[in-house]
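Peer 1: Pasted the sequence and its predicted model underneath.
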Amino acid sequence: MNKAIEHRGPDEAGFFSDSFCTMAMRRLAIIDQANGQQPIFNDARDKCIVFNGEIYNFKALKKVLVNKGYSFKTNSDTEVLIYLYETFGLNMLDMLKGMFAFCIYDLKNKTCFLARDPFGEKPLYYHWDKNVFSFSSEIKSLLQNQSIPRRLNYEALPYYFRTSLVPEPITLLEKVKVLPAGHYLILNDQQLEVKPYFKPDYQDTASIDTIDEAVELIRPFLQRAVQRQTVSDVPIGAFLSGGIDSSTIVALLQQNSSTPVKTFNVRFENQAYDESKIAKKVAEYCGTDHHEVFIPNVDFSPSIFWTIIDHVGLPFRDSSAIPSFLISQEISKHVKVALSGDGGDELFGGYDLFQWYRKIVNIKKVARPIRALVNNGLGIAQTIPGLNQLSSIRKIKRGIHTSLMTEKDIPIALNELFSEHQMSSLLNGNLTDIDYSDYPLLSTYPEGFNNWSALRKIMYYRLIHTLPANMLIKVDRMSMANSLEVRAPFLDHELFSLSTKLSDELLINQGKGKYILRKLMENDLPAEVFNHPKTGFNIPLYQYQNKAYQSLAQQLLFDENPWPGWIKKEVLEAIYKRGIHTKKDSANLTVFQASHQLWMLMQLLGWAKRFNVEN
């Protein structure tokens, strides 16, 4: 198991075993490189810990413990954790500022205490059969326990096909679970108990509604978050896409550095919008040591496909994992730690999805019979030659159709990759009795949810579902595959709490997202950062479909399908044909949807083949 995650910590290995518990870990030495070996024990040697991540405020917490009489053998954050637990028990979790997954083993009481950071930056998978409990940072490592069955989890399958994201705590592997973000787990020889210690929540009424007050309050918290995450005994770099989020982090990071910060940007050949020029301007404006990574569109090879599957350990739809891996590979040649702009959209209202949701909620004010009539009419238009090539019809139809759903179902529909009808034909009708909207962690909302604005409702969905189930998986696995630690200052707990008090107008103003960040940073960044459209870190997947791509798709779907007959051949052929040949949006289908439906099937079947998963 430990060998399988060597890439997450190539510097050292640690091991401990007694009659009740065996633990191992790999270390990426960043803090106290000389003395931070794990597992670390307390003085009495009746408690020990293995830990992945960083505790940014460990020095302040160490002072608290020194004042209580503790002495320390190391300068590591890991040793602070063991004594925090000894002193404060479970309450220690409320004191931590960082990204983490750890296990503390109490040798005397034969209990294990595991916890994961509030937003899910660091992973923790586990399997429990009431006899043996196994856990690891990655699926590939977990499955080295040969007693864990490798069976497809049919409960998770509809979620994967509908939106490509399987909600925590379930996975596509039967009985393999994720410890959800903001949760802890207690295990003894009798039972396993999982409980939350952090739940995102928003104010019913915003207490900050003027831009001047917002800037004055947010700026020091943001500066402190960036500064806090520079704790390291090794050099630090930063991602720089040219967007507002990463540019903000870079500007604040450079302002607190006496030497040029190393910044890194990825540039694609033939990309519809090239942000590398803006990134270069930001680098020059801020005075960083800038590096540009060029990725040609013909660069797809089967090796990158299998690399994604190996490190995620599960099918992963987000094709931006490809550039994430490649840029992490380049950055890791220069630094061990890099700061990113992840979380900026979630905190400050940056996604187009947020504005779509608000518009659809507004459409619901129109009488339902009228909306239903328009929806039916547009459905007919989608079948008429000529009209069926108009992308605008599809957009309007999707908006009207989605408005006929409940507010809680709208986010799922807006992220849809396969429709329920397509899913039914895909699996021979086997999933028709499943309620697709019954997401385990999304079925219970905070008490004040109904009083929130439409914007806050969709932000909540993104924060507790898409962020840990997609964005943070991509960032962690692709960076750690290259032994690179990525930190996200926007996901600072204190900064998040303050952001919940902002009015909607400070987030989205005159159709532009992240209004507060634009005003806060207008004197710290060049104007180009604020004047170009949001592009995201995506790749034109259909342009990556070279001969090697098509050959791999043919192999997985037809020639060497690990689950032959599971999906009808004519259905596979239709998905393959659409995925390869659709080059233009129409009234019924987008290029993105066609190419990613094929990619999702390739990922699913490739995963089944790679990990010998039974269906």
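Peer 2: The structure has been received and is ready for your questions.
Peer 1: Helix or strand with the lowest mean pLDDT in this structure?
Peer 2: Every helix and strand of the chain was ranked by mean pLDDT, DSSP states H and E. The lowest is helix 420-426, at a mean of 83.
Peer 1: packing partners for that helix?
Peer 2: In terms of contacts (3 or more Cβ pairs under 8 Å, 6 or more residues apart in numbering; DSSP states H and E), helix 420-426 is packed against helix 157-163. C-beta here means a position set from N, CA and C on the backbone, and glycine is covered the same way.
Peer 1: With just CA atoms, put the least confident helix or strand of the chain into PDB.
Peer 2: C-alpha atoms of helix 420-426 as PDB (Å, rounded to 0.1, in the frame of the first residue of the first chain):
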ATOM      1  CA  GLU A 420     -32.100  10.200 -17.900                       C
ATOM      2  CA  HIS A 421     -33.400   8.900 -21.300                       C
ATOM      3  CA  GLN A 422     -29.800   8.400 -22.600                       C
ATOM      4  CA  MET A 423     -28.900   6.700 -19.300                       C
ATOM      5  CA  SER A 424     -31.800   4.300 -19.600                       C
ATOM      6  CA  SER A 425     -30.800   3.200 -23.100                       C
ATOM      7  CA  LEU A 426     -27.200   3.100 -22.100                       C
END
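Peer 1: Show me what the next helix or strand after it is in contact with.
Peer 2: Per DSSP states H and E, the first helix or strand lying C-terminal to helix 420-426 is helix 454-461. Identification of contacts with helix 454-461 by Cβ atoms under 8 Å, 6 or more residues apart in numbering yields 200, 202, 346, 349, 353-354, 357-358, 361, 407, 410-411, 442, 445-446, 449, 452, 504, 507-508.
Peer 1: Tell me which helix or strand comes right after helix 454-461.
Peer 2: Once the chain leaves helix 454-461, the next helix or strand it forms, by DSSP H and E, is helix 472-480.
Peer 1: Give the pairing partners of the helix or strand following that following helix; include direction for each.
Peer 2: The helix or strand immediately downstream of helix 472-480 is strand 485-487, counting by DSSP H and E. When pairs are called by DSSP bridges, strand 485-487 turns out to pair with strand 337-339 (parallel).
Peer 1: contacting residues around Leu192?
Peer 2: So Leu192 contacts Trp128, Phe133, Leu185, Ile186 (Cβ under 8 Å, 6+ apart).
Peer 1: swap in Asn561?
Peer 2: Asn561 makes contact with Leu572, Leu605, according to Cβ under 8 Å, 6+ apart.
Peer 1: Tell me the secondary structure at it.
Peer 2: State at Asn561, reduced to three classes by DSSP: H, G, I helix; E, B strand; the rest coil: coil.
Peer 1: Would you mind measuring from it to Glu54?
Peer 2: As defined by Cβ to Cβ, to the nearest Å, Asn561 lies at a distance of 42 Å from Glu54.
Peer 1: max-length helix in this protein?
Peer 2: Criterion DSSP state H: the longest helix present in the chain is helix 591-611.
Peer 1: before we move on, back to that, in ChimeraX, how would I select the buried members of the contacts of helix 454-461?
Peer 2: Typed into ChimeraX, the line below selects the buried ones among these, using 16 or more other Cβ atoms under 10 Å:
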select :200,202,346,349,353,354,357,358,361,410,411,442,445,449,452,504,507,508
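Peer 1: ok, back up a step: give me the packing partners of the longest helix of the chain, helices and strands only.
Peer 2: Counting contacts by 3+ Cβ pairs under 8 Å, 6+ apart, helix 591-611 is packed against helix 157-163, helix 302-312, helix 547-554, helix 569-581.
Peer 1: Which positions in that helix come out as buried?
Peer 2: For helix 591-611, a neighbour-count test (16+ other Cβ under 10 Å) marks 591-609, 611 as buried.
Peer 1: Tell me which of the helices and strands packed on helix 591-611 is the most buried.
Peer 2: Looking across these with neighbours counted as mean count of other Cβ atoms under 10 Å, the highest average goes to helix 157-163: a mean of 22.
Peer 1: Tell me where the model's unsure across the stretch 501-615 of the chain.
Peer 2: When residues are selected by pLDDT under 70, those of the stretch 501-615 of the chain lie in 533-539.
Peer 1: got the phi/psi numbers for Ile5?
Peer 2: phi -120, psi 30 (degrees, to the nearest 10).
Peer 1: ok, now Asp289?
Peer 2: phi -90, psi 100.
Peer 1: swap in Gly98?
Peer 2: The phi/psi pair for Gly98 (degrees, to the nearest 10) reads phi 170, psi -170.
Peer 1: Report the beta-bridge partner residues of it.
Peer 2: Under DSSP bridges, the beta-bridge partners of Gly98 are Ile55.
Peer 1: Tell me if I'm right that it and Lys59 touch.
Peer 2: No: contact between Gly98 and Lys59 fails when scored by Cβ atoms under 8 Å: they sit 11.9 Å apart.
Peer 1: Where does Leu61 sit, in terms of helix or strand?
Peer 2: Leu61 is located in helix 58-67, with elements delineated by DSSP H and E.
Peer 1: again with His127
Peer 2: Here His127, judged by DSSP H and E, is contained in strand 125-128.
Peer 1: Give me the contacts around that strand.
Peer 2: Among residues not part of strand 125-128, those counted as contacts by Cβ under 8 Å, 6+ apart are 114, 133-139, 142, 145, 148, 171, 175-179, 185, 187, 192, 313.
Peer 1: For the nearest residue to Gly313 once chain neighbours are set aside, give me its contacts.
Peer 2: Nearest residue to Gly313 in three dimensions, chain neighbours excluded: Ile139, at 2.5 Å (Cβ to Cβ, 6 or more residues apart in numbering). By Cβ under 8 Å, 6+ apart, the contact list for Ile139 reads Tyr125, Thr171, Leu173, Val176, Val312, Gly313, Leu314, Phe611.
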